[in-house]
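Q: turn this into a model:
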Amino acid sequence: MRIEDKLNSLSKSKFRNSFKLNDKELNYIKIKGLDEIRNHAYDFIIKRIAPKYINNDGKQLQ
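A: Numbers count the residues shown, from 1 in each chain. Next comes the predicted model:
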């Protein structure tokens, strides 16, 4: 499944549609721009969510 398909599916969720951005968040988007925010999201997904093994994931080593 492509990410666009997943996002489209999530957009139809009543639960997810109940969340609204506040003025501070809307202003942040206005200042940074959607392209920069998308780049940060993509970078976060690639580095922290997508890898099977995450370096320094908060677990203590013995």
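Q: contacts made by stretch 37-46 with the rest, please.
A: Stretch 37-46 is contacted from outside by I29, using Cβ atoms under 8 Å, 6 or more residues apart in numbering. In short, each C-beta sits where N, CA and C put it, glycine included.
Q: centre of the chain to it, how far?
A: In terms of Cα atoms, centre = their mean, to the nearest Å, the centre of stretch 37-46 is found 7 Å from the chain centre.
Q: give me the low-pLDDT residue ranges for this protein?
A: Scanning the chain for pLDDT under 70 picks out 1, 50-62.
Q: where do the helices of it begin and end?
A: 3-11, 14-17, 23-32, 34-44 (DSSP state H).
Q: would you format these as CSV with mean neighbour count included?
A: Shown next, in CSV, are the helices of the chain (neighbours: other Cβ atoms under 10 Å):
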stretch, mean neighbour count
helix 3-11, 10
helix 14-17, 8
helix 23-32, 10
helix 34-44, 11
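Q: nearest the geometric middle of this structure, what residue?
A: Nearest to the mean C-alpha position of the chain, by Cα atoms, centre = their mean, lies A41 at 4.8 Å.
Q: any idea how far that residue lies from I31?
A: Distance, A41 to I31, using Cβ to Cβ, to the nearest Å: 16 Å.
Q: equivalent analysis for I45, please.
A: From I45 to I31 the distance is 22 Å (Cβ to Cβ).
Q: ok, F44 to I37 distance?
A: On the measure of Cβ to Cβ, F44 and I37 end up 11 Å apart.
Q: no wait, E4
A: With distances taken as Cβ to Cβ, E4 is found 16 Å from I37.
Q: do the same with I3
A: Counting by Cβ to Cβ, the gap from I3 to I37 is 15 Å.
Q: spit out the contact partners of R16.
A: R16 sits next to L10 when contact means Cβ under 8 Å, 6+ apart.
Q: number the chain from 40, please
A: Right, with 40 as the first residue, what we last looked at is R55.
Q: what separation is there between it and S48?
A: For R55 relative to S48 (Cβ to Cβ), the value is 10 Å.
Q: same deal with L60?
A: From L60 to S48 the distance is 21 Å (Cβ to Cβ).
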